[in-house]
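>>> Predicted model, plus sequence, below.
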Amino acid sequence: MFAQFFANMEMHPELRKTNGERTMALYQAETRLSWYKENEKGAPFDLAVIMEETLNECRNEIRSQDHAKALKGSYCLTPLPELILTIQQLLGPRPEQSIEVFQIQAQPVPFHVPSQS
């Protein structure tokens, strides 16, 4: 049961989503604690079954944490995007040429308000 629990977590599509690793880590902690409490009562549940309701609650908790951090100004939810351009994208397909990759980082643009005189 325990091995299947971790195998199912490793294969779950949640891991491919934004904050998926954090969500699954919280899910593992919450589920493990619940299982031990239920086991002490003599009614353990099957850990191998991923409980989608609990997973949704964990996902919402992670989002709430991110939202709270963003409101405090200590965390940026969406970093500046990087723009990847290739010669092929710029010039069209040319099979005889190798494709070079250029990486362009988005830079903040200074904003200047002219003084009124």
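Ah, there it is.

>>> in the protein, which spans are strands?
In the chain, the strands defined using DSSP state E lie at 82-86, 101-105.

>>> ranking those by mean pLDDT, which is last?
Here the lowest mean pLDDT among the strands of the chain goes to strand 82-86, at a mean of 46.

>>> roughly how far apart are Glu57 and Glu14?
Distance, Glu57 to Glu14, using C-beta to C-beta, to the nearest Å: 13 Å. The way it works is simple: take the backbone N, C-alpha and C, and place the C-beta from them, glycine included.

>>> Same check on Leu71?
Counting by C-beta to C-beta - Leu71 and Glu14 are separated by 25 Å.

>>> which one of those two has more residues nearby?
It is Glu14, of Leu71 and Glu14, that has more neighbours when counted by other C-beta atoms under 10 Å, with 17 against 9.

>>> so that one makes contact with Thr23?
Yes. Counting by C-beta atoms under 8 Å, Glu14 does reach Thr23; the two are 5.7 Å apart.

>>> Between those two, which contacts overlap?
In terms of C-beta atoms under 8 Å, 6 or more residues apart in numbering, Glu14 and Thr23 are both contacted by the residues Leu55, Arg59.

>>> dump the residue contacts of the residue lying closest to Met9 once chain neighbours are set aside.
Using C-beta to C-beta, 6 or more residues apart in numbering and skipping the chain neighbours, the partner closest in space to Met9 is Met24 (5.6 Å). Residues near Met24 by C-beta under 8 Å, 6+ apart: Met9, His12, Glu14, Leu15, Cys58.

>>> ok, for the second one, nearest residue in space, not its chain neighbours?
For His12, the nearest residue in space outside its immediate sequence neighbours is Ile50; the separation is 6.1 Å by C-beta to C-beta, 6+ apart.
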